[in-house]
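J.: got a predicted model here, sequence first, then my questions.
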Amino acid sequence: MLPSSSPREPDDPDDSGDPNDQEQEVAWPPFPEDWLALLETNVAHYQLLSDSEQARLQEDALTLIAEKSWEGCGGVAVTDEMRVTIAAQACLMLLGVEHDGFRRVQSILIYPAAFKITDERWQDEGWAPFPAQGQAIYGGPVILAWDAVLAEGRDPSLGRNVVIHEFAHQLDFVDGSADGTLDLVGEQADRWNEVLITEYDGLCRKVRQGRNTFLGDYAATNRTEFFAVASERFFTRPAALRHYHPELYEVLTETYAVDPALWFAAET
């Protein structure tokens, strides 16, 4: 499973100390009715979930909305619709695991549409600024283009989801490196890394040969992009991913502890 946060335990198991000194679980207010309409309209996955999964998604989305700084860029005035739509899509990734609510992500920046990425490292290598629909900064914010967020949230059949892609990068960053290895331990880490290497190398070989692939050329950029793209396909076109990459699909079900193919199968 993905990394989680554990409650603090008292030093002496027989003495929990002053209850005022203990970490208290935050009780968020009920999910607003008008926000439910936003989930149903803008997050197609929501209506595929069980009642318990919907309740969990609402709670996690409330937490993400409350705990992060939301900032508009390029003239955007951040709305509840933006917060709810983004938070719910990000929290889909955490439905099956205990987690820290993307604690390392302090802020989410929202542009109206594609924005230009400038990176000193890339500029040093001769890259010019280029348009992007999302960016995840190590130790920094997630940056998103609202038009892509909305279109992809409403239509998983596109096979793309910029929110899932960029928040997958943030999960990748947890272990201190951007290499797709994730913060896993023991046999689960060994299994994930084995499949990652095999699948990534196989994709790169097909791309070099000019062959069409389900994951696409961009997933062959490096292993962190491979993980992000694979996560997009896992949550948006799970049956196809399971068909073309059964081992990758299996290990992602273990990592995320959900099986999205069952959500979509129940829809038909």
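T.: Great, that's in hand.

J.: from here on, contacts and neighbour counts on C-alpha atoms
T.: Fine.

J.: how about low-confidence regions in this structure?
T.: Counting by pLDDT under 70, the chain contains low-confidence ranges at 1-29, 101, 118-129, 267-268.

J.: what residues sit buried inside the top helix by length along the chain?
T.: In the chain, assigned by DSSP state H, the helix with the most residues is helix 186-208. Going by neighbour count (16 or more other C-alpha atoms under 10 Å), the buried part of helix 186-208 is 192-193, 195-196, 199-200, 203-204, 206-207.

J.: need these in a markdown table with distance to G72, can you?
T.: Converted to a markdown table, those look like this (distance: C-alpha to C-alpha, whole Å):
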| residue | distance to G72 |
| --- | --- |
| W192 | 37 |
| N193 | 37 |
| V195 | 39 |
| L196 | 36 |
| E199 | 38 |
| Y200 | 36 |
| L203 | 37 |
| C204 | 37 |
| K206 | 40 |
| V207 | 37 |
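
J.: pull the most distant pair out of these.
T.: Taking C-alpha to C-alpha as the measure, the buried residues of helix 186-208 span a maximum distance of 22.1 Å, between W192 and V207.

J.: can you tell me the closest non-neighbouring residue to N42?
T.: In space, not counting the residues next to it along the chain, N42 is nearest to R154; the distance is 4.9 Å by C-alpha to C-alpha, 6 or more residues apart in numbering.

J.: same question but for G153, I mixed them up
T.: Nearest residue to G153, sequence neighbours excluded (C-alpha to C-alpha, 6+ apart): V43, at 4.9 Å.

J.: helix or strand next in line after the longest helix of the chain, which one?
T.: Sequence order places helix 223-236 as the next helix or strand after helix 186-208, per DSSP states H and E.

J.: in that next one, what's buried?
T.: 223-236.

J.: just checking, what packs against whichever helix or strand comes after that helix?
T.: Note on helix 223-236: by DSSP H and E, the next helix or strand toward the C-terminus is helix 238-244. Other elements packing on helix 238-244 under the criterion 3 or more C-alpha pairs under 8 Å, 6 or more residues apart in numbering; DSSP states H and E are helix 246-256, helix 260-267.

J.: what residues sit buried inside helix 238-244?
T.: Neighbour counts over helix 238-244 (16+ other C-alpha under 10 Å) mark 238-242 as buried.

J.: same check, this time on stretch 78-93
T.: Of all the residues in stretch 78-93, those buried under the rule 16+ other C-alpha under 10 Å are 78, 81-93.

J.: what about that stretch, distance to the chain center?
T.: 11 Å (C-alpha atoms, centre = their mean, to the nearest Å).

J.: use 474 as the first number for this chain going forward.
T.: Taking 474 as the first residue, the last one we looked at is stretch 551-566.

J.: OK, contacts around the residue nearest to G626?
T.: By C-alpha atoms under 8 Å, 6 or more residues apart in numbering, the contact set of V516 is 558, 561-562, 626-627.

J.: export those residues as CSV, with columns for distance to Q531 and secondary structure.
T.: Formatted as CSV, the contacts of V516 follow (distance: C-alpha to C-alpha, whole Å; DSSP: H, G, I helix; E, B strand; the rest coil):
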residue, distance to Q531, secondary structure
T558, 11, helix
A561, 7, helix
Q562, 11, helix
G626, 16, helix
R627, 17, helix
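
J.: which residues touch stretch 716-724?
T.: Under C-alpha under 8 Å, 6+ apart, the answer for stretch 716-724 is 664-665, 668-669, 672, 687, 707, 711, 714-715.

J.: ok, now with 7 Å
T.: Stretch 716-724 is contacted by residues 665, 668, 707, 714-715 when judged by C-alpha atoms under 7 Å, 6 or more residues apart in numbering.
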